[in-house]
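S.K.: Below are the sequence and a predicted model; questions follow.
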Amino acid sequence: MITHKIAVIAGDGIGPEVIDEGIKVLEEVSRIDGAFKFEFTKYPWGCEYYKQTGKMMPENGIDILKNYDAIFLGAVGAPGVPDHISLWDLLLIIRKSFDQYVNLRPVKLLKGAPCPLKDANPENIDMIFVRENSEGEYAGSGSWLFKNKPNEVVIQDGVFSRKGCERIIRYAFELAKEKNKTLTSISKGNALNYSMVFWDQIFKEVSKDYPEVKTYSYLVDAASMFMVKDPKRFEIVVTSNLFGDILTDLGAAIAGGMGLAAGANLNPERTYPSMFEPIHGSAPDIAGKFISNPLATVWSASQMLDFFGHEEWSKKLLNIIEEMLVEKKVLTPDLGGNAKTYEVGNEVIRKLNA
Ligand code: NAD
Ligand code: IPM
Ligand code: MN
């Protein structure tokens with residue numbers, strides 16, 4: 001029997017609501033399969049913990065997490081705790097400490113999912129974003145000089161290393177090659193005359209090793225426009241940390257909404273645990289009412305199953321999500337239904353057993 005040891009950080013707001021459904025679903029999958037099981041350990045870290053202890057997680061939090069096969073995270077952030085503290089001291093520090101340099105985010109319109117674009121259909125919206133997740137605009141480098149003085153100055157550095165750019169671009173090429181898809185790089189070399197010129201140069205260099213992969217390069221402003229006007233142009237997409245963050249919320253908007261948007265933070269070498277999470281935040285506007293959509297979390301659970309080599313179960317979960325979207329019987333309000341968060345989880349489990 002294989003045991004997958006998972007650290008669970010449900011976090012804040014709707015985090016615990018959606019993560020409970022993700023755990024339920026993973027437990028049921030392993031129960032039905034019988035050849036592997038999950039061992040979940042919950043850590044109560046997040047903004048409540050911060051309010052009590054002054055820290056988002058204990059000093060040795062990273063050491064604790066190091067021993068797990070993966071991390072399953074809900075969402076972080078709550079009114080009353082500055083976002084740059086709550087996110088840096090928990091989510092971002094985990095991504096960085098564990099060198100989870102690949103942020104893999106499917107932007108795939110499933111059948112039955114709502115789409116604000118007219119004439120859109122599932123064949124036309126089927127992308128995978130490969131977002132650089134360890135440096136770039138979110139490197140956390142900069143300074144605040146003469147704070148609170150009339151001459152104060154802030155500097156936020158973009159950090160683009162050769163190693164960092166090469167490895168993410170190479171990962172994207174490998175994925176495009178394996179899936180026989182095109183690869184699009186999104187950058188902004190016309191204005192960011194160091195970082196993005198460098199990014200474009202490395203994209204060209206690495207592309208020489210992959211003559212079989214058809215490539216495109218877009219400026220980020222034009223890419224945003226094309227994602228709305230002509231999304232079928234994009235298959236595999238590689239881009240920087242900031243651009244990937246913004247474009248994947250745009251991607252969520254055209255592929256069913258935040259309640260369906262999943263992501264995996266991968267350390268491909270498997271030296272450290274990878275982390276699976278919905279890409280949405282803690283949604284304080286709806287927290288506590290059990291109307292949050294857990295399907296993004298279930299999709300992230302499907303990514304976890306894939307990462308552990310249980311590809312069939314990963315596909316099965318995605319098919320179930322699609323079936324539920326088509327049937328429109330058990331969906332949360334963001335998708336036009338009136339089901340509660342846990343009812344959606346229960347329906348996934350019912351379908352696993354059908
Ligand atoms: P958000 O993603 O939390 O919410 C944006 C909108 O989408 C809200 O109207 C919300 O109700 C809706 N929404 C999000 N997830 C949903 C779901 N599963 N089902 C139904 N509706 C859903 O973004 P925000 O409001 O900009 O941020 C709120 C907090 O979350 C902030 O503190 C922010 O820093 C944090 N945040 C955390 C993460 C993370 O932990 N990964 C990601 C983004 C934002
Ligand atoms: C995301 C989030 C995070 C990010 C924030 C909360 C730091 O927006 O996962 O998309 O920008 O990476
Ligand atoms: Mn984001």
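M.R.: That came through, no problem. Ligands and ions are numbered 1, 2, ... in the order given.

S.K.: use CA for all of it now, contacts and neighbours both
M.R.: Noted.

S.K.: Return, as residue ranges, the portions of the stretch 51-200 of the chain with sub-threshold pLDDT.
M.R.: Within the stretch 51-200 of the chain, not a single segment meets pLDDT under 70.

S.K.: So which residues of it form strands?
M.R.: For the stretch 51-200 of the chain, the strands defined by DSSP state E, counting those that start in this stretch occupy 70-75, 102-108, 126-132, 136-145, 153-159, 183-187.

S.K.: interface residues of the protein facing ligand 1?
M.R.: Within the chain, the residues that sit near ligand 1 (CA under 6 Å from any ligand atom) are 75-78, 83, 258-259, 279-283, 285-286, 292-294, 334.

S.K.: among these, which are within reach of ligand 2?
M.R.: I279.

S.K.: Mark which of the residues of the chain next to ligand 1 are part of helices, please.
M.R.: Residues of the residues of the chain next to ligand 1 located in helices (DSSP state H): D83.

S.K.: Selecting buried members of the residues of the chain next to ligand 1 in PyMOL, what would you type?
M.R.: Buried residues within the residues of the chain next to ligand 1, by 16 or more other CA atoms under 10 Å, are selected in PyMOL with:
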select buried, resi 75+76+77+78+258+259+279+280+281+282+283+292+293+294+334
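
S.K.: Just to be sure, D306 is in a helix?
M.R.: Yes: according to DSSP: H, G, I helix; E, B strand; the rest coil, D306 belongs to a helix.

S.K.: What is the burial count for it?
M.R.: Neighbours of D306 under the rule other CA atoms under 10 Å: 15.

S.K.: so it touches S314, yeah?
M.R.: Yes: D306 is within contact range of S314, at 5.4 Å (criterion: CA atoms under 8 Å).

S.K.: Over to G263. Which of the three states is it?
M.R.: Applying three-state DSSP to G263 yields a three-state assignment of strand.

S.K.: What pLDDT does the model give it?
M.R.: You'll see G263 listed with a pLDDT of 97.

S.K.: cool, and G336?
M.R.: 97.

S.K.: Surely T41 is within a helix?
M.R.: No: counting by three-state DSSP, T41 falls outside a helix, being strand.

S.K.: That one bridge partners, please.
M.R.: Note on T41: beta-bridge partners A7, judged by DSSP bridges.

S.K.: Quick one: the helices in this protein, in order.
M.R.: Here the chain has its helices, by DSSP H, at 15-33, 47-53, 61-65, 83-86, 93-97, 162-179, 195-207, 220-229, 241-254, 295-307, 311-327, 341-352.

S.K.: Point me to the residue of the stretch 101-250 of the chain nearest ligand 1.
M.R.: As assessed by CA to the nearest ligand atom, ligand 1 sits closest to D249 within the stretch 101-250 of the chain, at 8.6 Å.

S.K.: Of the helices of the chain, which stretch is the most buried?
M.R.: Of all these, helix 295-307 carries the top mean neighbour count, a mean of 25, counting by mean count of other CA atoms under 10 Å.

S.K.: List of residues touching that helix?
M.R.: With contact meaning CA atoms under 8 Å, 6 or more residues apart in numbering, helix 295-307 is reached by 18-19, 21-22, 25-26, 74, 258-264, 276-279, 311-315, 317-318, 321, 344-345.

S.K.: now swap in stretch 310-320 and tell me
M.R.: The contact list for stretch 310-320 (CA under 8 Å, 6+ apart) reads V29, V298, W299, A301, S302, Q303, M304, L305, D306, V348, K351, L352.

S.K.: export these to TSV and tack on pLDDT and distance to N124?
M.R.: TSV is the format used below for these (pLDDT from 0 to 100; distance: CA to CA, whole Å):
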residue	pLDDT	distance to N124
V29	98	31
V298	98	23
W299	98	20
A301	98	25
S302	98	22
Q303	98	22
M304	98	26
L305	98	26
D306	98	24
V348	98	26
K351	98	27
L352	98	28
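
S.K.: quick check, nearest of the residues you listed to Y210?
M.R.: D306 (24.8 Å; CA to CA).

S.K.: Any figure for the gap between the closest one and F276?
M.R.: 11 Å (CA to CA, to the nearest Å).

S.K.: same question, N267
M.R.: 11 Å.

S.K.: neighbour count winner among those two?
M.R.: Higher neighbour count among N267 and F276: F276, with 27 against 19, using other CA under 10 Å.

S.K.: Enumerate the beta-bridge partners assigned to the closest residue to that one other than its chain neighbours.
M.R.: Once flanking residues are discounted, F276 sits nearest to A264: 4.6 Å by CA to CA, 6 or more residues apart in numbering. With DSSP bridges as the criterion, A264 is bridged to L104, F276.

S.K.: Would you mind measuring from the residue nearest to N293 when sequence neighbours are not counted to L73?
M.R.: Nearest non-adjacent residue to N293, counting by CA to CA, 6+ apart: G259, 5.0 Å away. Using CA to CA, G259 is found at 15 Å from L73.

S.K.: can you check E174 too?
M.R.: Applying CA to CA to E174 and L73 gives a distance of 27 Å.

S.K.: same question, D126
M.R.: Distance check for D126 against L73: by CA to CA, it reads 25 Å.

S.K.: In terms of neighbours, single out the busier of those two.
M.R.: Taking neighbours as other CA under 10 Å, D126 and L73 compare with L73 leading, 24 against 19.

S.K.: and the stretch 151-300 of the chain, which of its residues are near ligand 2?
M.R.: The stretch 151-300 of the chain comes close to ligand 2 at residues D245, I279, as judged by CA under 6 Å from any ligand atom.
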